[in-house]
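Colleague: Have a look; sequence and predicted model below, questions after that.
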Amino acid sequence: MPQELRPQCKFFFVPGRVIHKKLTLRDKLVLRLAALFEKDPVREKVLNEDRDGVRKEELLPLINEAQFSCIDKVTHEHRSMGFR
């Protein structure tokens, strides 16, 4: 991301999703290799299992920010054209 854009951006952490049957062969191999070298059995298990950490409530802050950003942009554009 260009440095000049960073001050204007907000970052949101959203837990991810890994569905092994939907991964590319390369991605499957990367996860398999990572699991082979992992010494912690709990972390190894995580690398080998499907997981879905994406929840609607996790996305709400991002959705709200996007909606308000669009509203602010439209309001600003209308005001710059003489509308109130």
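Modeller: Alright, I've got the coordinates.
Colleague: From here on, just use CA atoms for contacts and neighbour counts.
Modeller: Noted.
Colleague: per-residue confidence at the residue nearest to the spatial centre of the chain?
Modeller: Computing the C-alpha centroid of the chain and ranking residues by CA atoms, centre = their mean puts Val14 first, at 5.1 Å. pLDDT, the model's per-residue confidence, is 81 for Val14.
Colleague: Backbone torsions only: list them for it.
Modeller: Main-chain dihedrals, Val14, degrees, to the nearest 10: phi -130, psi 120.
Colleague: what sits against it?
Modeller: If you count contacts by CA atoms under 8 Å, 6 or more residues apart in numbering, Val14 has them with Gly53, Val54, Glu58, Leu59.
Colleague: what separates the nearest residue to the last one once chain neighbours are set aside from Ile63, distance-wise?
Modeller: Taking CA to CA, 6 or more residues apart in numbering, and ignoring the residues beside it in sequence, Leu59 has Val14 as its nearest neighbour in space, at 7.0 Å. Between Val14 and Ile63 the distance, using CA to CA, to the nearest Å, works out to 12 Å.
Colleague: Ok, Lys21 next?
Modeller: In this structure, Lys21 and Ile63 are 28 Å apart, going by CA to CA.
Colleague: Output stretch 48-57 in PDB, but only the C-alpha positions, please.
Modeller: What follows is stretch 48-57, C-alpha atoms only, in PDB (Å, rounded to 0.1, in the frame of the first residue of the first chain):
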ATOM      1  CA  ASN A  48      -4.400 -29.700   9.000                       C
ATOM      2  CA  GLU A  49      -8.000 -28.900   9.700                       C
ATOM      3  CA  ASP A  50     -10.600 -26.700   8.100                       C
ATOM      4  CA  ARG A  51     -11.600 -23.600  10.000                       C
ATOM      5  CA  ASP A  52     -14.100 -20.800   9.500                       C
ATOM      6  CA  GLY A  53     -13.500 -17.800  11.700                       C
ATOM      7  CA  VAL A  54     -15.600 -15.500   9.600                       C
ATOM      8  CA  ARG A  55     -18.700 -14.400  11.400                       C
ATOM      9  CA  LYS A  56     -21.100 -11.600  10.600                       C
ATOM     10  CA  GLU A  57     -20.600  -9.900  13.900                       C
END
